[in-house]
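Participant: Please find the sequence and the predicted model below.
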Amino acid sequence: MESVAPIEEARGKKRAALLSVGSATLLVSLKAFLVVRTGSLGVLSEALHSGLDLLAAIITFLSIRVSDQPADERHPYGHGKFENFSAFVETGLLALTALYIIYEAFDRLFFRTVHIQPSVMAIVVLLVALSIDLTRARALREAARKYSSEALEADALHFSTDVWSTTVVIVGIGLVWAGETWDLPWLVYADALAGLAVAAVVLWVGSQLGRRTLDALLDAAPKGLQQEIALALERMAGVLDVVRVRVRRAGNRHFVDATVSVARSASLEQVHALTDAIEKRIGEIVPSDVMVHVEPRAPVGEHLFEAIRALAQRMGLAIHDVHASQQDGRLFIELHVEVDENLSLREAHRQASELEDQIRELRDGAIDVNIHIEPQGHHIATPDSDLEEMKQLAKAIEDFLNRLPSEFDELVNCHDVRVRQVEHHILVSCHCTMKSELPITQVHDVTAALEDRVKEKFQQIYRVTIHPEPAEDR
């Protein structure tokens, strides 16, 4: 669908509806004049049809004015249903027109005779009306497609039925005229039969329109749209399963509710990014207001470590350094858990014990768990020692580390050594360049060994943190 700014869209729809009102008024005037001049049931049926077209055009114009209003407290989904309701009312008007025409046609066929006065003027006027019908039907169809307006589409259908019915009436009057000219009295029934043909066209078009508008009023999902959306979401990375898709329509707007399942270990930010991507993808299929509900689920073949991280995340705990080993048919799991630094040992131990119990249930108790508890830092500390002294210690540590490549083949050099004393603890951080092709497990072992060597050499140091980086980054 062509993208149109809301203000421009509202103006365009109102302009199309107002022109429709003007065209319908002109058609009613022309056909009412012909009814007086000819007495034709076909023309009368057309006049009545156009009269209801005028009423329908007015309803369309009014409904568009209301439907384009923004959502409010009483109508949180907007006012789009006013378009659907106006189209449904127009369906009822079409049905009433058709029933009257059928009644009048059978009355003239079997119970009374009406003298018809065909003329060239009647044919000419009907041809003018036909050209107006064709022009307005085409213009309304384009506007309905451009703005996705069901009310304008209903109005276009009204004018489209006028095209066919006017053509039938012209044929009917022509046959009556031919009957008078060639003395074929049975052709006098052609006008009533033309009226029945008009009624049939009106009923058929009205039933199609009525079914669609009723579906919209009853929130029936557009055919095939739910399946198309579900299939598109199933193909998206990060979506494990599409649980449910619901679609409802109000006027030219669609509202989509999608429920999907994602890996339970996904973070809140990852889930938020995924929902944004889902909304964008659905918007590419159909412009809509989208609501996404996400359900956490264990993916098929979920790794044990991912399951443990998901358990910790659900309990609001941060974990790291997860290790596992297997012996005598049992798993032994070790990990570090971070808890609020203000907790007592009793409360921290309770949280760790709950996590241990949850982990054991993953393998029906065939798991032994040992958890190291450490505080989750929030406090930002200030160095409390002489900067010059720390600079000298940093230079000594850097020189020491750069003598170690002879012992550690993986190490290229160390740099950016920083030392600070915080709350009576000396903390060291530095960068170490290593060979780029090394696996990260080996790099981790080397950095741990380097940290131990520094603490052995400089025993006053409380903690060493080494950041490894590949050689090409230097």
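Facilitator: That came in fine, so what should we check first?
Participant: what does the domain assignment say about this protein?
Facilitator: Per automatic domain parsing, the structural domains of the chain span 6-217, 225-297, 304-376, 387-473.
Participant: Lowest average confidence across those domains, which one?
Facilitator: Out of the domains of the chain, domain 6-217 stands lowest, with a mean of 69 (criterion: mean pLDDT).
Participant: Just the element for Gly301, please.
Facilitator: Following DSSP states H and E, one finds Gly301 outside all helices and strands.
Participant: now the strands: where do they sit in the stretch 351-474 of the chain?
Facilitator: Under the criterion DSSP state E, counting those that start in this stretch, the stretch 351-474 of the chain contains strands at 367-376, 411-422, 425-434, 461-470.
Participant: what does the chain give?
Facilitator: When secondary structure is read from DSSP state E, the chain shows strands at 241-250, 253-263, 288-297, 318-327, 330-340, 367-376, 411-422, 425-434, 461-470.
Participant: Switch these over to TSV; also include distance to Glu306 and mean neighbour count.
Facilitator: Placement of C-beta: from N, CA and C, glycine included. Listed next are the strands of the chain as TSV, based on distance: least, Cβ to Cβ, whole Å; neighbours: other Cβ atoms under 10 Å:
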stretch	distance to Glu306	mean neighbour count
strand 241-250	17	18
strand 253-263	8	20
strand 288-297	12	16
strand 318-327	10	12
strand 330-340	13	17
strand 367-376	15	15
strand 411-422	32	18
strand 425-434	28	19
strand 461-470	24	16
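Participant: Dump these to JSON lines, plus distance to Ile359.
Facilitator: Listed next are the strands of the chain as JSON lines, based on distance: least, Cβ to Cβ, whole Å:
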{"stretch": "strand 241-250", "distance to Ile359": "26"}
{"stretch": "strand 253-263", "distance to Ile359": "18"}
{"stretch": "strand 288-297", "distance to Ile359": "17"}
{"stretch": "strand 318-327", "distance to Ile359": "10"}
{"stretch": "strand 330-340", "distance to Ile359": "6"}
{"stretch": "strand 367-376", "distance to Ile359": "5"}
{"stretch": "strand 411-422", "distance to Ile359": "34"}
{"stretch": "strand 425-434", "distance to Ile359": "32"}
{"stretch": "strand 461-470", "distance to Ile359": "28"}
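Participant: and His272, which of the ones you listed is closest to it?
Facilitator: Among the strands of the chain, strand 288-297 comes nearest to His272, with 9.2 Å by Cβ to Cβ.
Participant: Put the alpha carbons of the closest one into CSV.
Facilitator: What follows is strand 288-297 as a C-alpha-only set of coordinates in CSV (Å, rounded to 0.1, in the frame of the first residue of the first chain):
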residue,chain,number,x,y,z
SER,A,288,-0.7,-2.4,11.4
ASP,A,289,-0.6,-1.7,15.1
VAL,A,290,1.3,-4.7,16.5
MET,A,291,1.4,-6.1,20.0
VAL,A,292,4.0,-8.9,20.7
HIS,A,293,3.9,-11.2,23.7
VAL,A,294,7.0,-13.2,24.4
GLU,A,295,7.1,-16.5,26.3
PRO,A,296,10.4,-18.0,27.6
ARG,A,297,11.1,-21.6,26.6
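Participant: May I have the strands that pair with it, each with its orientation?
Facilitator: strand 253-263 (parallel) (DSSP bridges).
Participant: what does the partner strand contact?
Facilitator: By Cβ atoms under 8 Å, 6 or more residues apart in numbering, the residues outside strand 253-263 that reach it are 77-78, 80, 222, 225, 229, 233, 238-249, 271, 274, 278, 282, 286-299, 302, 306, 310.
Participant: okay, the strands of the stretch 351-474 of the chain in CSV with distance to Thr213 next?
Facilitator: Listed next are the strands of the stretch 351-474 of the chain as CSV, based on distance: least, Cβ to Cβ, whole Å:
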stretch, distance to Thr213
strand 367-376, 59
strand 411-422, 71
strand 425-434, 69
strand 461-470, 65
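Participant: Mind listing what's buried along stretch 436-454?
Facilitator: Buried residues in stretch 436-454, counting neighbours by 16 or more other Cβ atoms under 10 Å, are found at Val443, Val446, Thr447, Ala449, Leu450, Glu451, Arg453, Val454.
Participant: Format the residues you listed as TSV; extra columns: distance to Arg211.
Facilitator: What follows is these, written out as TSV (distance: Cβ to Cβ, whole Å):
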residue	distance to Arg211
Val443	68
Val446	73
Thr447	71
Ala449	77
Leu450	76
Glu451	75
Arg453	81
Val454	80
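Participant: any idea which of those residues is closest to Ser344?
Facilitator: The nearest member of these to Ser344, counting by Cβ to Cβ, is Glu451 at 30.3 Å.
Participant: How many residues are close by Gly283?
Facilitator: In terms of burial, Gly283 registers 14 neighbours under the definition other Cβ atoms under 10 Å.
Participant: Would you agree it is in contact with Val290?
Facilitator: Yes: because the distance of 6.8 Å satisfies Cβ atoms under 8 Å, Gly283 is recorded as touching Val290.
Participant: what pairs with Ile371 across the strands?
Facilitator: Per DSSP bridges, residues listed as beta-bridge partners of Ile371: Leu335.
Participant: what do you get for the one 4 residues further on?
Facilitator: Listed beta-bridge partners, Pro375: Val339 (assigned using DSSP bridges).
Participant: Just list the residues touching it, thanks.
Facilitator: Taking Cβ under 8 Å, 6+ apart as the contact definition, Pro375 lies against Glu338, Val339, Asp340, Glu341.
Participant: Adding distance to Ala348, write the residues you listed out as JSON lines.
Facilitator: Shown next, in JSON lines, are those (distance: Cβ to Cβ, whole Å):
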{"residue": "Glu338", "distance to Ala348": "10"}
{"residue": "Val339", "distance to Ala348": "5"}
{"residue": "Asp340", "distance to Ala348": "8"}
{"residue": "Glu341", "distance to Ala348": "9"}
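Participant: Which single one of these is nearest to Trp204?
Facilitator: Looking at the contacts of Pro375 and their distance to Trp204, the nearest is Glu338, at 71.5 Å (Cβ to Cβ).
Participant: State the distance from the nearest residue to that closest one once chain neighbours are set aside to Leu438.
Facilitator: Closest residue in space to Glu338, ignoring its immediate chain neighbours: Gln376 at 3.7 Å, by Cβ to Cβ, 6 or more residues apart in numbering. With distances taken as Cβ to Cβ, to the nearest Å, Gln376 is found 31 Å from Leu438.
Participant: Check Arg15 too.
Facilitator: Per Cβ to Cβ, Arg15 is found 70 Å from Leu438.
Participant: likewise Val294?
Facilitator: As for Val294, its distance to Leu438 is 38 Å (criterion: Cβ to Cβ).
Participant: Out of the strands of the stretch 351-474 of the chain, the one nearest Asp107 is which?
Facilitator: strand 367-376 (89.8 Å).
Participant: and that closest one with strand 318-327, angle?
Facilitator: Using axes from the mean of the first three to the mean of the last three Cα atoms, to 10 degrees, the interaxial angle of strand 367-376 with respect to strand 318-327 works out to 150 degrees.
Participant: Kind regards, and thank you for your time.
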